[in-house]
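Peer 1: Sequence plus the predicted model coming up.
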Amino acid sequence: MAVRIVRLGSPRLPGEGLRIGTVRRPPRGVPKREFASGNWYDVWFPNLAPSPETVKLAQAATTPAQWAEFVRKYRAEMAQPEHAHAIALLAALSQHSDFSVGCYCEDEAHCHRSVLRELLAEQGAAFAPDA
């Protein structure tokens, strides 16, 4: 049982389980009935997406210092009780269920899901070997 961090819209891996979209908005131009069959997500969970203002910081980050500012702001948002509880819940569920969380960004290193991976790890999440 484990969690995987994935790019939404990418082919699903065997045993990936439920795919959770941790994004602020649904995929553009995709009918809602095709979210799961198109490998976007099974469940939309925007609670773990950065706020619109913080997303702008990530999109504009071209230096390590700017990226660090995004990480600081996103971590501060995720430290709020409603977000921290959700992260703790997913970390605990990873001990008993297979599922994945993801975002649309092509490069995980320049995406909030890299920070979400760290936050889940800090809460003791179990990760799939290929995650």
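Peer 2: That came through, no problem.

Peer 1: Give the buried residues for the longest helix along the chain.
Peer 2: Longest helix in the chain by number of residues (criterion: DSSP state H): helix 64-78. Within helix 64-78, the residues scored as buried using 16 or more other C-beta atoms under 10 Å are Trp67, Glu69, Phe70, Val71, Lys73, Tyr74, Glu77, Met78. C-betas here are computed from N, CA, C, even on glycine.

Peer 1: tell me which strands and helices the very next helix or strand once past it is in contact with?
Peer 2: Sequence-wise, the next helix or strand downstream of helix 64-78 (DSSP states H and E) is helix 81-93. Where contact means 3 or more C-beta pairs under 8 Å, 6 or more residues apart in numbering; DSSP states H and E, helix 81-93 is packed against strand 3-7, helix 64-78, strand 99-103, helix 112-122.

Peer 1: contacting residues around helix 81-93?
Peer 2: The contact list for helix 81-93 (C-beta atoms under 8 Å, 6 or more residues apart in numbering) reads 3, 20, 45, 47-48, 77-78, 99, 101, 116, 119-120, 123-125.

Peer 1: Buried ones among those?
Peer 2: Neighbour counting by 16+ other C-beta under 10 Å classes Val3, Ile20, Leu48, Glu77, Met78, Phe99, Val101, Leu116, Leu119, Leu120, Ala125 among these as buried.

Peer 1: Distance of the fourth one relative to Phe70?
Peer 2: So that's Glu77. The gap separating Glu77 from Phe70 is 11 Å, by C-beta to C-beta, to the nearest Å.

Peer 1: Overlap of the contact sets of the two?
Peer 2: Common neighbours of Glu77 and Phe70 (C-beta under 8 Å, 6+ apart) are Pro50, Thr54.
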